[in-house]
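# show me how the following folds:
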Amino acid sequence: MREARLTITHPAGLHARPAALLVRTAARFDAAIRLTNLTRNPLRDADAKSILSLMTLGVEHDHIILIRADGPDEDAAIIALSSLIERGLDEVAP
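Numbering: from 1, shown residues only. Have a look, this model is predicted:
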């Protein structure tokens, strides 16, 4: 299992469009990927491949999140998702 702690820099947080981009990116990997909003509720996580699940976390600007990946593509998944978030959840495909 691999994990990364990141700060959300997108001004609107993880609203619909950035969440959809994150889900599309996560779906490319053969790994179970979970996201936790450490700022709001560190005991609750969500499936990073489900936009509805992600939206329930209420991730806002400057919130700290934890991404965990477990499976054959865990390393590549963490690298791609970390890069996407560090770029501010931009619209450019990783």
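# for this protein, give me the ranges with low pLDDT.
For the chain, applying pLDDT under 70 flags the ranges 91-94.
# for the residue of it most remote from its centre, give its distance to Leu52.
Residue farthest from the centre of the chain, counting by CA atoms, centre = their mean, is Pro72 at 18.0 Å. Look at Pro72 and Leu52: by CB to CB, to the nearest Å, they are 26 Å apart. Yep, even glycine has a C-beta here, placed from its N, CA and C like the rest.
# could you do Leu66 as well?
20 Å.
# same deal with Ile65?
Distance from Ile65 to Leu52, counting by CB to CB: 17 Å.
# which of the two has more neighbours?
Ile65 (22 against 10; other CB atoms under 10 Å).
# doesn't Val59 make contact with that one?
Yes. Counting by CB atoms under 8 Å, Val59 is a contact partner of Ile65 at 6.2 Å.
# common neighbours of these two, please.
When contacts are counted by CB atoms under 8 Å, 6 or more residues apart in numbering, Ile65 and Val59 are jointly contacted by 8, 35, 37.
# what about the strands in this structure?
Along the chain, counting by DSSP state E, strands occupy 2-7, 32-37, 45-47, 64-70.
# now the longest one, how far from the centre of its chain.
Averaging C-alpha coordinates over strand 64-70 and over its chain gives two centres that are 7 Å apart (CA atoms, centre = their mean, to the nearest Å).
# re the thing from before, ok, and which of the strands of the chain has the densest surroundings?
strand 32-37 (a mean of 22; mean count of other CB atoms under 10 Å).
# may I have that one as PDB, with CA atoms only?
What follows is strand 32-37, C-alpha atoms only, in PDB (Å, rounded to 0.1, in the frame of the first residue of the first chain):
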ATOM      1  CA  ALA A  32      -8.100   0.200  -4.800                       C
ATOM      2  CA  ILE A  33      -7.800   4.000  -4.300                       C
ATOM      3  CA  ARG A  34      -9.300   5.700  -1.200                       C
ATOM      4  CA  LEU A  35      -9.300   9.400  -0.300                       C
ATOM      5  CA  THR A  36      -9.700  10.900   3.200                       C
ATOM      6  CA  ASN A  37     -10.300  14.500   4.000                       C
END
